[in-house]
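Asks: structure for this input, please:
(one chain, ligands or ions: 1)
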Amino acid sequence: MSSDDASHENSVTAAGDDDQNKINTSRRYFLIGATAAVGSVGAVGVAVPFLSYWSPSAKARAMGAPVKIDFSKLSPGEMLSPIQAWRGKPIFIVYRDEAAVASLADQSLDLADPNSDNPEQQPEFAKNPTRSMRPEIGIYVGICTHLGCSPKYVEADNFADSRFGGFFCPCHGSKFDLAGRVGTGYPAPDNLPVPPYRFESDTVVVIGEEGGTA
Ligand code: FES
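Replies: Here you go, the predicted structure:
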């Protein structure tokens, strides 16, 4: 399957607005990993989506207005990465398959904050092994907690010294698992932030508001 076969269109909309920006979204993250395996680069980010245009509500989003994201076309094993989706920051939405969810309960991983004890990094509802409201859907702010680069998705097999797959920060090498938890010994001091969010439906999430589940 080519990467194009797995690309979809989802949408991101300022919550409460009718305008809608189409975004060219995700490829299967394991396909990205496969691409990396045959290439010379050990870490390749997920397909970088783009907003086809900015609506007037972009300013409202930059000011921190809630943002509604439709991830209905996302399947297990895929990640959606809307750029500048909320407060000018990228939001990662990962649809983890069963194996990925199970791997996050592995207590043998060497993580800096495995139990999400730093209350600054996630709402209370995300203080669990998947750091999410729904185990299969992970939602993270895609900004490295070291100096603010945007991490890329990687598979564990693409790192000779990797203990887990997840996200790799290309700037100084920090690694995060699929729940956004940083490994020990890396420059990033904290796990990737979990934004406040609520599910408006099974496949629509509002970033920037809390309360309510699908
Ligand atoms: S900015 Fe990510 S490791 Fe430095």
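Asks: touching, Pro129 and Ala100? I think so.
Replies: No. With contact defined as CB atoms under 8 Å, Pro129 and Ala100 do not form a contacting pair (11.4 Å). Where C-beta positions appear, they are placed from N, C-alpha and C, glycine not excepted.
Asks: beta partners for Lys141?
Replies: For the record, residue 141 is Val, not Lys. Ile91 (DSSP bridges).
Asks: ok so, going back, who's more crowded, Pro129 and Ala100?
Replies: Legend: neighbour count by other CB atoms under 10 Å for Pro129 and Ala100, higher for Ala100 (23 against 19).
Asks: which residues does the more buried one contact?
Replies: 77, 178 (CB atoms under 8 Å, 6 or more residues apart in numbering).
Asks: quick check: which element contains it?
Replies: Using DSSP states H and E, Ala100 sits within helix 98-103.
Asks: now Val94
Replies: strand 91-95.
Asks: need the residues of this structure near the ligand, please.
Replies: Neighbours of the ligand within the chain, by CB under 6 Å from any ligand atom: 144, 146-149, 169, 171-174, 187-188.
Asks: can we see that at 8 Å?
Replies: 144-149, 151, 169-174, 186-188 (CB under 8 Å from any ligand atom).
Asks: what subset of these is buried?
Replies: Among the residues of the chain next to the ligand, those classed as buried by 16 or more other CB atoms under 10 Å are 144-146, 151, 169-170, 174, 186, 188.
Asks: dump those to JSON lines, plus pLDDT and secondary structure.
Replies: Shown next, in JSON lines, are those (pLDDT from 0 to 100; DSSP: H, G, I helix; E, B strand; the rest coil):
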{"residue": "Cys144", "pLDDT": "97", "secondary structure": "coil"}
{"residue": "Thr145", "pLDDT": "97", "secondary structure": "coil"}
{"residue": "His146", "pLDDT": "97", "secondary structure": "coil"}
{"residue": "Pro151", "pLDDT": "93", "secondary structure": "coil"}
{"residue": "Cys169", "pLDDT": "94", "secondary structure": "coil"}
{"residue": "Pro170", "pLDDT": "93", "secondary structure": "coil"}
{"residue": "Ser174", "pLDDT": "93", "secondary structure": "coil"}
{"residue": "Tyr186", "pLDDT": "94", "secondary structure": "coil"}
{"residue": "Ala188", "pLDDT": "97", "secondary structure": "coil"}
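Asks: which of those sit farthest apart?
Replies: Across those, no pair lies farther apart than Thr145 and Pro170, at 14.6 Å, counting by CB to CB.
Asks: looking at it, Pro196 is touching Gln122, isn't it?
Replies: No. Contact criterion CB under 8 Å: Pro196 and Gln122 do not qualify, at 9.3 Å.
Asks: more crowded one of these two?
Replies: Gln122 (25 against 18).
Asks: per-residue pLDDT of the more buried one, please?
Replies: On the pLDDT scale, Gln122 is placed at 96.
Asks: could you do Ile69 as well?
Replies: Model confidence at Ile69 (pLDDT) stands at 93.
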